[in-house]
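Asker: below are the sequence and a predicted model; questions follow.
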Amino acid sequence: MNIIETNSLTKFYGSSRGIVEVSLSVKEGDIFGFIGPNGAGKSTFIRTVLGLISPTSGSGAVFGKDITKNSTEILKDIGYLPSEAAFYNRMKVGDILDFSAKMRGADCAEERARLCDRLELDTSKRIEQLSLGNRKKVGIVCALQHRPSLYILDEPTSGLDPLMQKEFYTIIKERNDEGATVFLSSHVLSEIGRYCKSAAVIREGRILVSDSVERLGHTGVKRVTLRGVSAIPKIENARDMKLENDTLNFLYSGKPTELTRQLCEISFDDLSICDPDLDEVFMHYYAKEGK
């Protein structure tokens, strides 16, 4: 079953591009990564799917329900964390969490206490006393404390220190193991590769590719390292060439036989060829579509 499904979903702000003909499916039980640089359309897609803004054209469904006709019903079982959550500065953290729970008509006291303990969030402080990271934690608890079946998280770890990032993803993995679906928007490629099962890459409002993270890694691109090189040579289908301390590194996307032919014309002492890491793979998609 697809928890989220859109067909040619488009949103323009006047003449400005938001998203263009986005067709996307997120299966139940998935941890789905939504990858793209700032301004790519990630937040616009999320807000449109949630019914917070109306699409210009196209359609979408969450839990099998139309996003424009049933948005209020859909939101009841979603935990949404916006990229930038705003709270009343004079309110205490505990009061905000209580208010969030009451809006849903749920008793979240026990779960809230567990989350605040794990995230080291002091509920007695006022919002104006909190750092950016602790404000992010308030948003996380608001999104998680009612234990919904679908989490839509927009840049959830921005502002968190590395230890809290790790704890956050531990919690998300636990929820997913219990059957929840997670839609995770991020421009931090390493997070997607480490925690997500499937992913889509968006650029300038359009989906470039959508597949399992494992299959997305099989692009045919290789990381090549040559040692004992005195100058950067010309190699067709090579990019990101960097020469440091007689060591040349680059990505190669052509045929292996063509690479070996070109290497025979270069003087070097040692050679290694391996698969690139996932960050480099995703950047390959950006570079490919940007030509």
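Answerer: Now that the structure is in, tell me what you want to look at.
Asker: next, residue 164: secondary structure please.
Answerer: When classified by DSSP: H, G, I helix; E, B strand; the rest coil, residue 164 comes out as helix.
Asker: that one is in contact with residue 119, isn't it?
Answerer: Yes: using C-beta atoms under 8 Å, residue 164 is in contact with residue 119, at 6.4 Å. C-beta: built from backbone N, CA, C; applies to glycine.
Asker: quick check: neighbours shared by these two?
Answerer: Here residue 164 and residue 119 have residue 137 as joint contacts, going by C-beta atoms under 8 Å, 6 or more residues apart in numbering.
Asker: which helices and strands does the host helix or strand of residue 224 pack with?
Answerer: Assigned by DSSP states H and E, residue 224 belongs to strand 222-227. Counting contacts by 3 or more C-beta pairs under 8 Å, 6 or more residues apart in numbering; DSSP states H and E, strand 222-227 is packed against strand 247-252, helix 256-263, strand 270-274.
Asker: could you rerun that using 10 Å?
Answerer: Strand 222-227 is packed against strand 238-244, strand 247-252, helix 256-263, strand 270-274, with contacts defined by 3 or more C-beta pairs under 10 Å, 6 or more residues apart in numbering; DSSP states H and E.
Asker: make TSV out of the ones you listed and add mean neighbour count, mean pLDDT and distance to residue 225.
Answerer: Shown next, in TSV, are the helices and strands packed on strand 222-227 (neighbours: other C-beta atoms under 10 Å; pLDDT from 0 to 100; distance: least, C-beta to C-beta, whole Å):
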stretch	mean neighbour count	mean pLDDT	distance to residue 225
strand 238-244	13	91	10
strand 247-252	19	93	5
helix 256-263	13	94	12
strand 270-274	11	94	5
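Asker: I'm done for today, thanks for sticking with me.
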